[in-house]
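Asks: fold the following, please.
(chains A and B)
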Amino acid sequence: MAAMKKIVAGIAVIAVVAAAGAGIWAWRTVDTARNAGADDTVALAAFTSTDEAAIARGEYVMRTADCAACHTQGAGEFAGGYEIHTDFGTLVSSNITPDPETGIGAMTERAFFDAVRNGQGSEGLLYPAMPYTAYAKLTDQDMHDLWAYMSTVEPVSNEIDETAGMAFPYNQRLAMLGWNMLYFDKAAFDGDAEGDDRGRYLVDAGGHCSSCHTPRNGLGAEIAENYLQGAKVDGWYAPEITSNPHVGLGESSAEEVAEYLGTGTDGKAMASGPMAEAVAHSLQYLSDDDLLAMSSYLKSVPGSGVTAPAKADLGSPAMTRAALRYEVNCSACHGTRGDGMGDLVPAFDGNHALLSDDPTDLVRVMLTGARAAHTEAKPTGGGMPSFAWKFDDAQIAEVLTYIRNAWSNAGTPVEPATVAAARATLDAREKLAEGY
Amino acid sequence: MNRREALFSLGAIAATGAAADGARAREMHGYPADMTVDPEMLPRSVIPGGQMRVLTDDADRRTVTAVFDRLIPADDLGPSASEAGCVDFLDAQLAGRFGEGAALYREKPLQQNADDLMQTAQFIATPRERYAAGLKALDAYAQETDGAAFADLQPNRQDEILKGMEDGTISLGEEIHTKAFFELMLQNAREGYFSDPIYGGNRDMAGWKLIGFPGARYDFRLYADRTGEKLDLEPVSLIPKD
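Replies: Down below sits the predicted model:
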């Protein structure tokens, strides 16, 4: 209820703020003067760049920003239709091909800049599910190149109603004016995007890592003081990716993190779920230098204060049962010492992605199974089968607590109620009846 | 995903690989994303002591119980076949695809010399039908020779009849391949006693404890080099109780 009150109070604030929309604050929020360098005369449908170098650079910018992940869904490259489930309703991604009727063919370069960097689209204000909050940091050069690339995309006619799944008041695009006034920092990137600050630039601008890995407040705005410290997102938990040694990247080398980003695994942790998509669609296309710049920056980000808890008592009856369960069901692939199988199966011993206080991902993977990222470098994306049919909630909770505390690990216990809730939410099947 | 889709997706993976041109990065398509287990592939649990589905006739059930408990009687080493749930196991098997003879070739006509050609007895009848006819015939034989139901005979008399069925000296009638029926019951009693408890028999893993079988374990690397040692591995069911 507290969260609901917060939201209602927030809406009231937005309403009041929006009512004062003529104010200077609002004017400053919607002002896009920094995009003045973009052409405002030629529509995308009437333009195809011939600058091969710019097109190639723009494709790379598109990869860093992972546009295809959300704007491609069955109807053709960049033709939109991908559903994004938010706490406020379902948004559908737009068609960003140069089709003049259903895509962005009528946009000029200036309108494109306004949309991507300022969240001002052709149909009104965009929702921050489109990470313009991050893309605001994209440099003019990258934006010009991206425009050149988009001009080479095949137009696809695919009508999208982006807000059909949003109920009042969240379907009011103008409400985003209030949201932007409160939360949108439209300032340009404040460092050397091609030099010393390349890693931070890729993480914060195109990479929009914080969109998933930073927790949000009741109105869906990222909480700055918890930057990259882990957050729930669409039924998954995007773990902390800061220097924190217990649940973050502190114990991994920058090279290991870069390998994970570029291939899907560093031989210990393994990307699955939404991160597997980010690796497959976006990160595997990045250069080694860029990946290393990103991982080096992430390892420099101040972490949360989360520390390792006291190790669970592995001699307890529950952990003794769990150890046998691990040996019988898990060890064939994950190793009798939790050492995994290189690039094929994640290791558990010393895998800090396992140790977050929030066990959402582990519970989910046990219940529904998971498919690891598959990339050109490491094409054999391993598969974890579902164990929902074989174990009840307490059995899953115990074996997860075991892997979080065996070997050199220490993690908070997983509660059976957490597994029960996930089983219901994920619509996973119940355990089969025992035969005796 | 059905088999057809799986084959198509494998083909797609192969095609992706064949098109490799040295690119650093490429999106791979066609991996099956759904990792839940197809319900068709899951075992069907049987809870002992439940409602019979095929052996619904009291006399039939008493007869097969008596036969099973002579084949595997209770003793110091463990429970009898029926105490270990073998009748529940048999009923579940007869109710399903085994009972239907789903894996058997049963097209008519049956050649006169089919048994010789195949070097084993051949049947058009399903195992379910063979039990129905066989158990009635066995009970009728006992009534005729001893004036009592097979289940009510003394154990040593029951053993005599079973031995006669096994060595071919007793015939339960024209319609029954007596020796083959005995062998079918022996096979099913053994299967019930030693199959995973989820199928109704081997209750409390009595059969596995008897012979020291460690159950549905996947990996023995921890023990592979401990040769000549008594390991006393706790047996594990496919659907573990704890």
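
Asks: residue A:76 against residue A:156, yeah?
Replies: Yes: with contact defined as CB atoms under 8 Å, residue A:76 reaches residue A:156; the gap is 3.9 Å. No exception for glycine: its C-beta is placed from N, CA and C like everyone else's.

Asks: what do those two both touch?
Replies: residue A:97 (CB atoms under 8 Å, 6 or more residues apart in numbering or on different chains).

Asks: now do stretch A:375-394, average pLDDT.
Replies: Averaging pLDDT along stretch A:375-394 yields 93.

Asks: ugh, typo on my part, it should be stretch B:125-141
Replies: On average, the pLDDT along stretch B:125-141 is 98.

Asks: the residue in chain A that chain B sits nearest to: neighbour count?
Replies: Chain A approaches chain B most closely through residue A:369 (2.6 Å), counting by CB to the nearest CB. The number of residues packed near residue A:369 is 20, by other CB atoms under 10 Å in any protein chain shown.

Asks: residues contacting it?
Replies: Per CB under 8 Å, 6+ apart, neighbours of residue A:369: A:383-387, B:34-36.

Asks: which members of those are positioned in strands?
Replies: A:383-384 (DSSP state E).

Asks: and the contacts of residue A:369, which two are furthest apart?
Replies: A:387 and B:34 (14.7 Å; CB to CB).

Asks: the more surrounded of these two?
Replies: Ranked by neighbour count (other CB under 10 Å), residue A:387 and residue B:34 place residue A:387 first, with 21 against 11.

Asks: so that one makes contact with residue A:366?
Replies: Yes: with contact defined as CB under 8 Å, residue A:387 reaches residue A:366; the gap is 5.2 Å.

Asks: overlap in contacts, these two.
Replies: residue A:396.

Asks: quick one: the helices in the stretch 51-200 of chain A?
Replies: A:52-65, A:67-71, A:109-118, A:132-135, A:140-150, A:175-183, A:198-204 (DSSP state H, counting those that start in this stretch).

Asks: what residue in chain B comes nearest to chain A?
Replies: residue B:35 (2.6 Å).

Asks: returning to that earlier point: could you find the closest non-adjacent residue to the residue of chain A closest to chain B?
Replies: Spatial nearest neighbour of residue A:369, chain neighbours left out: residue B:35 (2.6 Å); criterion: CB to CB, 6 or more residues apart in numbering or on different chains.

Asks: residues contacting that neighbour?
Replies: A:368-371, A:383-386.

Asks: do the same with residue A:54
Replies: Applying CB under 8 Å, 6+ apart, the residues near residue A:54 are A:144-145, A:148-149.

Asks: what's the burial count for the residue nearest to residue A:353 when sequence neighbours are not counted?
Replies: Nearest residue to residue A:353, sequence neighbours excluded (CB to CB, 6+ apart): residue A:269, at 4.4 Å. Residues lying near residue A:269 (other CB under 10 Å) number 23.

Asks: and residue A:269, how far is that from residue A:242?
Replies: Applying CB to CB, to the nearest Å, the value for residue A:269 to residue A:242 is 15 Å.

Asks: again with residue B:65
Replies: Distance from residue B:65 to residue A:242, counting by CB to CB: 67 Å.

Asks: who has more neighbours out of those two?
Replies: Using other CB under 10 Å as the criterion, residue B:65 and residue A:242 rank with residue A:242 on top: 23 against 19.

Asks: just confirm the more buried one contacts residue A:229, I think it does.
Replies: Yes: in terms of CB under 8 Å, residue A:242 counts as a neighbour of residue A:229; the distance is 6.1 Å.

Asks: need the overlap of contacts for the two.
Replies: A:248, A:303-304.

Asks: now, those residues that are in strands?
Replies: Among these, no member lies in strands (by DSSP E).

Asks: now distance to chain B, pLDDT and neighbour count too, for the residues you listed, in a markdown table please.
Replies: Shown next, in a markdown table, are those (distance: CB to the nearest CB, whole Å; pLDDT from 0 to 100; neighbours: other CB atoms under 10 Å in any protein chain shown):
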| residue | distance to chain B | pLDDT | neighbour count |
| --- | --- | --- | --- |
| A:248 | 26 | 97 | 27 |
| A:303 | 30 | 97 | 21 |
| A:304 | 31 | 97 | 19 |
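
Asks: closest to residue B:194 among those?
Replies: Closest to residue B:194, out of all of the shared contacts of residue A:242 and residue A:229 and judged by CB to CB, is residue A:248, at 50.8 Å.

Asks: does the closest one touch residue A:242 like I think?
Replies: Yes: proximity of residue A:248 to residue A:242 meets the contact threshold set by CB under 8 Å, at 4.4 Å.

Asks: shaky segments in the stretch 1-150 of chain A?
Replies: Within the stretch 1-150 of chain A, the ranges that satisfy pLDDT under 70 run A:1-22.

Asks: repeat that with 50
Replies: Low-confidence segments of the stretch 1-150 of chain A, defined by pLDDT under 50: A:1.

Asks: and if you look at the stretch 301-436 of chain A?
Replies: For the stretch 301-436 of chain A, no stretch has pLDDT under 50.

Asks: for chain B, what are the nearby residues on it?
Replies: Residues of the stretch 301-436 of chain A lying close to chain B (CB under 8 Å from any CB of the partner chain) are A:321, A:324-325, A:327-329, A:331-332, A:336, A:368-371, A:374-377, A:379, A:381, A:383-386, A:388-391, A:395, A:428-429, A:431-436.

Asks: list buried residues within the residues you listed.
Replies: A:321, A:324-325, A:327-329, A:331-332, A:368-371, A:374-376, A:379, A:381, A:383-386, A:388-391, A:395, A:428-429, A:431-432, A:434-436 (16 or more other CB atoms under 10 Å in any protein chain shown).

Asks: tell me the confidence at residue B:34?
Replies: 86.

Asks: that one and residue A:270, how far apart?
Replies: Residue B:34 is 18 Å from residue A:270, by CB to CB.

Asks: which parts of the chain belong to which domain?
Replies: All of this refers to chain A. What the record gives for chain A is the domain set A:8-191, A:210-298, A:317-425, from automatic domain parsing.

Asks: please refer instead to chain B.
Replies: Split by automatic domain parsing, chain B gives B:3-41, B:58-210.

Asks: okay if I get the ones you listed as JSON lines plus distance to residue A:99?
Replies: Output for the domains of chain B, formatted as JSON lines (distance: least, CB to CB, whole Å):
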{"stretch": "domain B:3-41", "distance to residue A:99": "23"}
{"stretch": "domain B:58-210", "distance to residue A:99": "54"}
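
Asks: just the pLDDT at residue 185, thanks.
Replies: Chain wasn't specified; assuming chain A. So, for residue A:185, pLDDT stands at 93.

Asks: my question was about chain B, not that one.
Replies: 98.

Asks: which residue is the nearest non-sequential neighbour of it?
Replies: Residue B:185 sits nearest to residue B:67 (CB to CB, 6+ apart), 5.5 Å away.

Asks: I'd say residue A:140 and residue A:37 touch.
Replies: Yes: in this structure, residue A:140 is within contact of residue A:37 by CB under 8 Å, at 5.7 Å.

Asks: inside helices: which ones of the residues of the stretch 301-436 of chain A next to chain B?
Replies: A:321, A:324-325, A:327-329, A:331-332, A:368, A:395 (DSSP state H).

Asks: now residue B:95. Nearest residue, chain neighbours left out?
Replies: Per CB to CB, 6+ apart, closest to residue B:95 is residue B:53, 4.1 Å.

Asks: and residue A:425, how many neighbours?
Replies: Residue A:425: 11 neighbours (other CB under 10 Å).
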